[in-house]
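Chemist: Build me a model:
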Amino acid sequence: MTDRLGQKQTAAMLALMVVAREVSNPELREIVGFALDGEERRQLNGLDLVASEKRGRPYFHELTERGWAWCEEELSQEEAPRPRSSLGSALYVVLGGLGRHLRREKLRLADLFMPDVDLTAEEIESRIRIAYRKLSDAPRDWVGLVDLRPMLGEASTMDVDAVLKELSRSGQIRLVPESNRKTLTAAAHAAAVRIGGEDNHLLSIEEP
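Modeler: Numbers count the residues shown, from 1 in each chain. You can find the predicted model right below:
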């Protein structure tokens, strides 16, 4: 796609990937310790990897579609960009493992990194019930959390887990483990909600 970027440009790209939304230079400075300015910004803009807009004094930056594609390609790189450091090399070991997981589960970066949005418990519960109705053929059907979670939009895993646990505690839903653990994929393991020291993978609602 493009030649490897410099360390600061790579750091900015990866930060924008994880935050998954528009970021101002002051916020970017808080995240990675520097702002995206000057030739480094102009090069990323010229390569159509980052869209930048100046509003007042600061620039605001966001990954383009080509930028997201660059990040996905970067997760397949075996080495950190030069000059390499021990920390940078370790980071690329982690990124490589993440890239293999995404490819194995046929996921995209957008399935993993989403902007943080504060939703109320009532909004999350409503999304859970709507998603359940779409996935189930009838009330009390068992639906996999691995299929339900991607349909909840930008709700955080922690917030969804809290709502699922409260609905289970109050008897409004049932959560159970998958009886045949050998059939579980890595994504199904990751989607489980842990209650009482046990991972639960399946959800049933009597009146969704």
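Chemist: Going by C-alpha atoms from here, please, whenever you check contacts or count neighbours.
Modeler: OK.
Chemist: so after whichever strand or helix holds residue 41, what's the next helix or strand?
Modeler: Applying DSSP states H and E as the criterion places residue 41 in helix 38-46. Counting by DSSP H and E, the next helix or strand C-terminal to helix 38-46 is strand 50-54.
Chemist: Tell me the helix or strand right after that next one.
Modeler: Criterion used, DSSP H and E; the element after strand 50-54 is strand 59-63.
Chemist: Now do that following strand against strand 50-54, angle only.
Modeler: 160 degrees (axes from the mean of the first three to the mean of the last three CA atoms, to 10 degrees).
Chemist: Give the rounded mean pLDDT of strand 59-63.
Modeler: Strand 59-63 shows a mean pLDDT of 93.
Chemist: Likewise for stretch 147-157?
Modeler: Rounded mean pLDDT across stretch 147-157 is 83.
Chemist: likewise stretch 108-122?
Modeler: 80.
Chemist: Using CSV, write down the CA coordinates of that stretch.
Modeler: The C-alpha trace of stretch 108-122 is given here as CSV (Å, rounded to 0.1, in the frame of the first residue of the first chain):
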residue,chain,number,x,y,z
ARG,A,108,-12.3,-6.3,10.8
LEU,A,109,-10.7,-3.6,13.0
ALA,A,110,-14.1,-1.8,13.1
ASP,A,111,-15.5,-4.8,14.9
LEU,A,112,-12.9,-4.3,17.6
PHE,A,113,-12.3,-0.6,17.9
MET,A,114,-15.3,1.7,18.3
PRO,A,115,-15.7,5.1,19.8
ASP,A,116,-16.7,5.3,23.5
VAL,A,117,-20.2,6.4,23.9
ASP,A,118,-22.0,6.5,27.2
LEU,A,119,-25.2,4.6,27.1
THR,A,120,-27.7,4.2,29.9
ALA,A,121,-28.5,0.7,31.3
GLU,A,122,-32.0,1.1,29.9
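Chemist: who's in contact with that stretch?
Modeler: For stretch 108-122, contacts defined as CA atoms under 8 Å, 6 or more residues apart in numbering pick out 17-21, 68, 72, 102, 150, 154-156, 159, 163.
Chemist: Let me have those residues in JSON lines, extended by distance to residue 121 and secondary structure.
Modeler: Below are the contacts of stretch 108-122 laid out as JSON lines (distance: CA to CA, whole Å; DSSP: H, G, I helix; E, B strand; the rest coil):
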{"residue": "17", "distance to residue 121": "27", "secondary structure": "helix"}
{"residue": "18", "distance to residue 121": "24", "secondary structure": "helix"}
{"residue": "19", "distance to residue 121": "23", "secondary structure": "helix"}
{"residue": "20", "distance to residue 121": "23", "secondary structure": "coil"}
{"residue": "21", "distance to residue 121": "23", "secondary structure": "coil"}
{"residue": "68", "distance to residue 121": "31", "secondary structure": "helix"}
{"residue": "72", "distance to residue 121": "33", "secondary structure": "helix"}
{"residue": "102", "distance to residue 121": "29", "secondary structure": "helix"}
{"residue": "150", "distance to residue 121": "17", "secondary structure": "helix"}
{"residue": "154", "distance to residue 121": "13", "secondary structure": "coil"}
{"residue": "155", "distance to residue 121": "10", "secondary structure": "coil"}
{"residue": "156", "distance to residue 121": "11", "secondary structure": "coil"}
{"residue": "159", "distance to residue 121": "8", "secondary structure": "helix"}
{"residue": "163", "distance to residue 121": "6", "secondary structure": "helix"}
